[in-house]
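Participant: Below: sequence and its predicted model.
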Amino acid sequence: MDLVARLADIVGERHVLVDAEAQAPFLTDWLGKYRGAAAAIVRPGSTEEVAGVMTLCTARRIPVVPQGGNTSMSGGATPDMSGRAIVLSLTRMNRIRAVDPIGNAMTVDAGAVLAKVQEAAKAAGRFFPLSLGAEGSCTIGGNLAANAGGGAVLRYGTMRELTLGLEVVLPDGRIWDGLTALRKDNTGYALRDLFIGSEGTLCVITGAVLKLFPQPLARATAFVALRDANAALSLLSSVRARCGDRLTAFEFMTGACLSLILKHSAEARLPLGAVPPAAVLIELSDTDDELALTERLEGALAEAVETEIVLDAAIAQDGVQAKAFWRIREGVSEALVREGKAAKHDVSVPVAAMADFVAAADAAVIAAAPGVRPIVFGHLGDGNLHYNLLPRMGQSDADFAALAPELTRIVHDETCKRRGSISAEHGIGQLRVSEMPRCKAPIELDLMRSLKTLFDPHGLLNPGKLLPAPVEN
Ligand code: FAD
Ligand code: MLT
Ligand code: ZN
């Protein structure tokens with residue numbers, strides 16, 4: 001029986017998409033950088049259906065590309081152009097399975113949208129802290145497979161730190177029910193943490209148990225103008241010393257980044273008038289009194305103004321203004337897409353080395369490509385910067401695309417020189433596969449390839465992503 005008919009037997013005919021128009025949204029990425037083709041888009045409704053699909057695809061050696069909200073920034077969820085693969089979309093599996101406010105845990109389907117999970121936590125009087133610009137469409141399965149970070153990592157950690165249990169389907173169709181809410185379980189290898197961040201190459205994630213936290217009752221948010229990344233690091237250190245774990249977010253933006261946001265966003269208004277050389281968005285949160293929290297932030301900023309670390313600062317007077325500050329920060333991804341095809345880098349370096357990294361990378365890329373425009377922003381508190389490069393004004397996309405691989409090598413060399421990482425949160429996907437042999441030690445690639453062969457011996461899960469093919473000796 002032909003593949004499509006067999007798939008329809010498992011998930012139901014209307015959940016197997018073969019029509020080109022119906023398939024289209026699943027076959028290109030959010031950035032519009034990658035395009036693929038698929039034998040079918042398959043939308044299972046349960047873990048058992050996922051197991052049935054994986055068993056069939058393994059028997060017939062059909063590649064499978066798992067997909068959630070398709071918001072990957074590294075082309076991780078887009079199939080190649082061969083048309084042999086199926087795209088396994090988890091978006092129908094979007095139930096909140098259980099909420100346990102006493103145990104501070106929530107069990108969800110992999111296709112549950114992040115914003116819905118945040119709402120369900122809030123409805124139960126709790127807080128799920130993962131927060132990304134894509135939260136309206138990204139899914140928990142994609143957040144897990146990419147080990148997503150976002151704006152609150154500084155206080156709460158990445159998806160790996162926010163997850164208690166996992167349910168996965170292996171390429172051979174076996175289901176691992178690891179849906180535990182235990183905080184302590186020392187019985188063997190950390191299978192859960194191995195699957196988190198595996199980018200759809202080792203398993204299909206079908207469910208998860210997530211940690212819940214006390215709801216922050218008070219927030220204090222400030223938009224702060226400063227000279228440069230060095231000043232931002234000094235401010236980070238002093239705010240952290242004064243505010244401790246209340247510091248929830250510390251988002252850096254250069255002046256060039258702010259100008260780009262203003263150029264492409266009609267409603268964005270900088271709270272401090274002119275575009276500063278650099279800025280940070282700071283957020284404190286607590287389960288305590290809002291006035292005390294705001295005064296604490298005011299004290300930290302007043303001290304920084306006195307010591308001239310800070311040029312100027314605006315503290316949000318209410319939640320509406322705080323949201324307006326965040327809209328400036330969240331506007332950057334869209335502004336970059338509207339400006340053109342950026343060469344995107346998602347690096348992390350030791351926090352103390354960040355300013356030095358930005359200065360060295362800027363100098364090196366401008367020397368290599370005069371007129372190139374660094375647009376630098378990101379989660380400075382985690383040591384993670386989104387170091388994006390735009391073409392020289394007037395340069396064609398094709399011309400810049402020819403330059404981009406060399407510029408990426410320069411940025412990654414400056415990163416690796418400082419024992420940094422070439423992907424802090426977006427993952428390797430297909431965008432950075434070619435850089436892995438340069439940036440990971442041979443032993444790391446060997447161990448990862450051994451794990452890949454163990455879990456996916458036929459190399460069917462998400463081919464061409466994360467791991468480069470071994471070099472034939
Ligand atoms: P997809 O894009 O569908 O897939 C991502 C990867 O996970 C692919 O490799 C895919 O094969 C795999 N996958 C998806 N679902 C499953 C599953 N159930 N089982 C196994 N593998 C699976 N990322 C951050 O970390 N921090 C940010 O601040 C951030 N901000 C963003 C802002 C914008 C505007 C956009 C567009 C993206 C942003 N991202 C950010 C990137 C992206 O949103 C995250 O990587 C997110 O976790 C992807 O989730 P998704 O459901 O869209 O996954
Ligand atoms: C962000 O922090 O805004 C995201 O990671 C998206 C991006 O890098 O554009
Ligand atoms: Zn980010």
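Facilitator: Perfect, thanks for sending it. Numbering: from 1, shown residues only. Ligands and ions are numbered 1, 2, ... in the order given.
Participant: Assign V65 to helix, strand or coil.
Facilitator: Secondary structure assignment for V65 (DSSP: H, G, I helix; E, B strand; the rest coil): strand.
Participant: and the gap between it and D2?
Facilitator: Shown here: V65 relative to D2, a distance of 20 Å by C-beta to C-beta, to the nearest Å. Using the backbone N, CA and C atoms, a C-beta is placed for each residue, glycine as well.
Participant: What parts of the protein come near ligand 1?
Facilitator: By C-beta under 6 Å from any ligand atom, the part of the chain that sits against ligand 1 consists of 30, 65-73, 76-77, 90, 110, 132-134, 138-139, 141-143, 145-146, 148-150, 199-200, 204-205, 333, 425-426, 429, 462, 465.
Participant: Now, these that are in helices?
Facilitator: Filtering the residues of the chain next to ligand 1 for membership in helices, criterion DSSP state H, returns 141-143, 145, 333.
Participant: a markdown table for those residues, including neighbour count?
Facilitator: Converted to a markdown table, those look like this (neighbours: other C-beta atoms under 10 Å):
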| residue | neighbour count |
| --- | --- |
| G141 | 29 |
| G142 | 31 |
| N143 | 31 |
| A145 | 32 |
| S333 | 22 |
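Participant: Quick one: residues in contact with stretch 109-124.
Facilitator: The contact list for stretch 109-124 (C-beta atoms under 8 Å, 6 or more residues apart in numbering) reads 68-69, 89-97, 99, 101, 106, 108, 127-128, 130-132, 134-141, 143-144, 204-208, 210, 212, 215.
Participant: in the stretch 351-473 of the chain, which spans are strands?
Facilitator: Secondary structure of the stretch 351-473 of the chain (DSSP state E, counting those that start in this stretch): strands at 373-379, 384-390.
Participant: quick revisit: quick check, nearest of the ones in helices among the residues of the chain next to ligand 1 to L179?
Facilitator: Of all those, the one with the least separation from L179 (C-beta to C-beta) is G141, at 13.7 Å.
Participant: excluding its backbone neighbours, what's nearest that closest one?
Facilitator: Here the nearest residue to G141 in space, its sequence neighbours aside, is A110; by C-beta to C-beta, 6 or more residues apart in numbering that works out to 3.0 Å.
Participant: L17 now?
Facilitator: The spatially closest residue to L17, leaving aside those adjacent along the chain, is I41, at 3.9 Å (C-beta to C-beta, 6+ apart).
Participant: In three-state terms, label the one you found for me.
Facilitator: Remark: I41 carries the secondary structure label strand [criterion: three-state DSSP].
Participant: Next up, the contacts around it.
Facilitator: When the contact criterion is C-beta under 8 Å, 6+ apart, the partners of I41 are 16-17, 22-23, 26, 86-87, 89.
Participant: now do 6 Å
Facilitator: In this structure, I41 makes contact with 17, 23, 26, 87, 89, judged by C-beta atoms under 6 Å, 6 or more residues apart in numbering.
Participant: residues of stretch 380-397 that come out buried?
Facilitator: Going by neighbour count (16 or more other C-beta atoms under 10 Å), the buried part of stretch 380-397 is 380-391, 395.
Participant: Ignore what I typed, I meant stretch 179-190.
Facilitator: If you call a residue buried by 16+ other C-beta under 10 Å, then stretch 179-190 has these buried ones: 179, 181.
Participant: And V65 and D2? Which one has more around it.
Facilitator: V65 (26 against 7; other C-beta atoms under 10 Å).
Participant: just to revisit the earlier point, would you mind measuring from the residue nearest to L17 to ligand 1?
Facilitator: The spacing between I41 and ligand 1, counted by C-beta to the nearest ligand atom, to the nearest Å, is 12 Å.
Participant: swap in T307?
Facilitator: To ligand 1, T307 is 31 Å away according to C-beta to the nearest ligand atom.
Participant: Run a quick neighbour tally on that residue.
Facilitator: Look at T307: counted by other C-beta under 10 Å, it has 12 neighbours.
Participant: Also Q23?
Facilitator: The burial metric for Q23, expressed as a neighbour count using other C-beta under 10 Å, is 17.
Participant: for the helix or strand hosting it, which positions count as buried?
Facilitator: Applying DSSP states H and E as the criterion places Q23 in helix 20-23. Applying a neighbour-count criterion of 16+ other C-beta under 10 Å, the buried positions in helix 20-23 are Q23.
Participant: Stretch 201-215 too?
Facilitator: In stretch 201-215, the ones that count as buried by 16+ other C-beta under 10 Å are 201-213.
Participant: F127 versus the residue of the stretch 1-150 of the chain found nearest ligand 1, what's the distance?
Facilitator: Checking the stretch 1-150 of the chain residue by residue against ligand 1 with C-beta to the nearest ligand atom singles out G142 as nearest, at 2.1 Å. Distance of G142 to F127, given as C-beta to C-beta: 21 Å.
Participant: D318 too?
Facilitator: Remark: distance between D318 and F127 (C-beta to C-beta) = 20 Å.
Participant: more crowded one of these two?
Facilitator: Taking other C-beta under 10 Å, D318 and F127 do not tie; F127 has more neighbours (19 against 9).
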